[in-house]
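*Asks:* could you work out the structure for the sequence below:
(chains A and B)
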Amino acid sequence: MNPFNYHKPSSLAAAVALHRDAEDPAYLSGGHTLLPTMTQRLAAPSDLIDLEGLTELTGIAAQGSVLSIGAFTRHAEVAASSEVRGALPALADLAEGVGDAQVRNRGTMGGSLANSDPAADYPAAALALNAVIRTDRREIAADDYFRGLFETALAEDEVITRIDFAVPSRAAYEKFPNPASRYATVGVMVADFRGAVRVGITGAGPCACRAPAFEAALSARLAPASLDDAELPAIDFNSDLHASAEYRAHLVRVMAQRATARIAAGTD
Amino acid sequence: MNLSLTVNGVEHSLDVPANTLLADLLRSQLRLTGTHVGCDTSQCGACTVHLDGRSVKACTVLAAQTQGRAVTTIEGIGSPDDLHPMQAAFRDCHALQCGFCTPAMILRAIELVESGSALDNRTVREGLEGNICRCTGYHNIVKAVLTAGEAMQEQAR
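*Replies:* As a prediction, the model looks like this:
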């Protein structure tokens, strides 16, 4: 790993100021993408700004129809949280399936969303649960947030502070994990907001997306069969050694149908 | 940079470069070579240690991130004369062949048992997803964790 300057600011304002003044800085959250990238020398920031301990980025609060989660909350904390389990069990289930136990003990929700890996789990939830991504300077609707491969609406020096999820009447997440990495080959969250259904998809294309035709079909009738002939989202499906584009397109429908089946069976 | 942390109950104050990984601090500076580095990219889990009681991959944690915290390595779990129940179960169940992954398996398995979740073949396999073994086929590892789980829960009663 190349040398860098390590900073541990005591306030969010100080973190952003350090970022502004450094030559080629990076924020450090859980580090479970950034640090392996640095050990392989695929990234060599001049300065690492550690966000751990910033109070603006911590805490979980369920307030009526919104579940607000601090960006530094680790996946294991999301999975174990009684607030999350109570308000949004599908999100706790999703967190419990991220990576492996050691990854969940370090990786954070804000870090995952800021990185926007095409196969990460949280982006599907952010879209399906109509999340508002709060930063040090503004609020961004999840629908406006994901822009492309590892590309988001965030400015270079912008820090995610909290993620506010809308609490649906019911929701479920189904993923087809890569057996080695546990990343989503395809993952789909279906969320029912009193008859208005939202569908968030990850792993399929360059970044997470919604499926308008799926949403219309499920809003008309919430049953797996509604998706039999529904049009797939118009995206460039990923193709790699793990799955062809055709296979991923197939998985999108199957995962959406499985999530719908779980909701319809009333188990979520 | 100056770094203070506790490793296996012993306080250390060290001067380390900022780009030191926890795995390198433990192995090269503190000579605790029971923590193994297999892949260096947080996939194999052979470098698993406890950080404040939670299992983490030491190749994907900066030494700087352990400031003021407590690290436990395999050297702090038991000794040849006084094995931890998990170590004893790995020996009794023949849960290792080459042994490279074993210290990390044991540390992760201890956290899994201590988490209090119900243990069966499926939950143990899921719980060990972050630890790769290339020799045993996992069968005896699962058996050892279930055996030690019972012994540890018995002890806790």
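
*Asks:* domains for chain B, by residue range?
*Replies:* By the assignment in automatic domain parsing, chain B contains the domains B:2-76, B:85-156.

*Asks:* of all the ones you listed, which one comes closest to chain A?
*Replies:* Closest of those to chain A is domain B:85-156, at 3.0 Å (criterion: CB to the nearest CB). Quick note: C-beta positions are derived from backbone N, CA and C, even for glycine.

*Asks:* before we move on, back to that, now the domains of chain B as JSON lines including distance to chain A, mean pLDDT and mean neighbour count?
*Replies:* Formatted as JSON lines, those follow (distance: least, CB to the nearest CB, whole Å; pLDDT from 0 to 100; neighbours: other CB atoms under 10 Å in any protein chain shown):
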{"stretch": "domain B:2-76", "distance to chain A": "4", "mean pLDDT": "97", "mean neighbour count": "19"}
{"stretch": "domain B:85-156", "distance to chain A": "3", "mean pLDDT": "95", "mean neighbour count": "19"}
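
*Asks:* looking at the ones you listed, spot the one closest to A:Ile60.
*Replies:* In terms of CB to CB, the element of these nearest to A:Ile60 is domain B:2-76, at 17.7 Å.

*Asks:* could you point out the longest helix of chain B?
*Replies:* Criterion DSSP state H: the longest helix present in chain B is helix B:139-156.

*Asks:* pretty sure B:Gln43 contacts A:Ser181?
*Replies:* Yes: judged on CB atoms under 8 Å, B:Gln43 makes contact with A:Ser181 at a distance of 7.4 Å.

*Asks:* can you show me the helices along chain B?
*Replies:* Under DSSP H, chain B gives helices at B:22-24, B:85-92, B:102-114, B:121-127, B:139-156.

*Asks:* residues from chain A in reach of chain B?
*Replies:* A:1-6, A:8, A:28, A:31-32, A:35-36, A:38-40, A:48, A:50, A:52, A:76, A:99-103, A:105-106, A:180-182 (CB under 8 Å from any CB of the partner chain).

*Asks:* dump stretch A:19-34 to CSV, restricted to CA.
*Replies:* Presented in CSV, the C-alpha positions along stretch A:19-34 are these (Å, rounded to 0.1, in the frame of the first residue of the first chain):
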residue,chain,number,x,y,z
HIS,A,19,-10.9,16.9,2.1
ARG,A,20,-11.0,20.3,0.4
ASP,A,21,-7.4,21.1,1.4
ALA,A,22,-5.8,17.8,0.5
GLU,A,23,-4.2,16.9,-2.8
ASP,A,24,-6.0,13.6,-3.7
PRO,A,25,-8.1,12.6,-0.6
ALA,A,26,-10.5,9.9,0.2
TYR,A,27,-13.0,9.4,3.0
LEU,A,28,-12.6,6.2,5.0
SER,A,29,-15.7,4.5,6.3
GLY,A,30,-15.7,0.8,6.9
GLY,A,31,-12.9,0.5,4.4
HIS,A,32,-14.0,-2.9,2.9
THR,A,33,-13.8,-1.7,-0.6
LEU,A,34,-11.3,1.1,-0.3
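
*Asks:* give the buried residues for that stretch.
*Replies:* Of the residues in stretch A:19-34, A:19, A:22, A:25-34 count as buried by neighbour count, 16 or more other CB atoms under 10 Å in any protein chain shown.

*Asks:* from the residues you listed, which two are the most distant?
*Replies:* A:Ala22 and A:His32 (22.1 Å).

*Asks:* which phi and psi values does residue 128 adopt?
*Replies:* All of this is about chain A. Backbone torsions of A:Ala128, given as degrees, to the nearest 10, read phi -70, psi -30.

*Asks:* switch to chain B, that's the one I care about
*Replies:* Torsion angles at B:Leu128 (phi, psi; degrees, to the nearest 10) stand at phi -100, psi 20.

*Asks:* my read: it touches B:Ile141, true?
*Replies:* Yes: if you go by CB under 8 Å, B:Leu128 and B:Ile141 touch, sitting 6.9 Å apart.

*Asks:* for the residue positioned nearest the centre of chain B, what are its contacts?
*Replies:* The C-alpha lying nearest the average C-alpha coordinate of chain B belongs to B:Leu107 (CA atoms, centre = their mean; 2.8 Å). If you count contacts by CB atoms under 8 Å, 6 or more residues apart in numbering or on different chains, B:Leu107 has them with B:48-50, B:55, B:72-74, B:77.

*Asks:* from A:Gln102, how far off is the nearest residue to it once chain neighbours are set aside?
*Replies:* Counting by CB to CB, 6 or more residues apart in numbering or on different chains, the nearest residue to B:Leu107 once its immediate chain neighbours are dropped is B:Thr48, at 5.1 Å. Distance, B:Thr48 to A:Gln102, by CB to CB, to the nearest Å: 6 Å.

*Asks:* quickly list what's touching both of these two.
*Replies:* In contact with both B:Thr48 and A:Gln102: B:55-57, B:108, B:130, using CB under 8 Å, 6+ apart.

*Asks:* now do the contacts for the closest residue to A:Leu218 other than its chain neighbours.
*Replies:* Distance criterion CB to CB, 6+ apart; nearest residue to A:Leu218, sequence neighbours excluded, is A:Val197 at 4.0 Å. Applying CB under 8 Å, 6+ apart to A:Val197 gives the contacts A:190-191, A:214-215, A:218-219, A:222.

*Asks:* cool, A:Ala79 as well?
*Replies:* Contacts of A:Ala79 (CB under 8 Å, 6+ apart): A:92-93, A:95-96, A:104.

*Asks:* which ones among those lie within helices?
*Replies:* A:92-93, A:95-96, A:104.

*Asks:* quick one: which of these is most hemmed in?
*Replies:* A:Ala95 (27 neighbours; other CB atoms under 10 Å in any protein chain shown).

*Asks:* can you give me the distance of that one to A:Thr108?
*Replies:* From A:Ala95 across to A:Thr108, the span is 11 Å (CB to CB).

*Asks:* shared neighbours of these two, which are they?
*Replies:* Contacts common to A:Ala95 and A:Thr108, judged by CB under 8 Å, 6+ apart, are A:His75.

*Asks:* show the pLDDT at the closest residue to chain B within the stretch 151-268 of chain A.
*Replies:* Using CB to the nearest CB, the single residue of the stretch 151-268 of chain A nearest to chain B is A:Arg182, 6.5 Å away. pLDDT for A:Arg182: 88.
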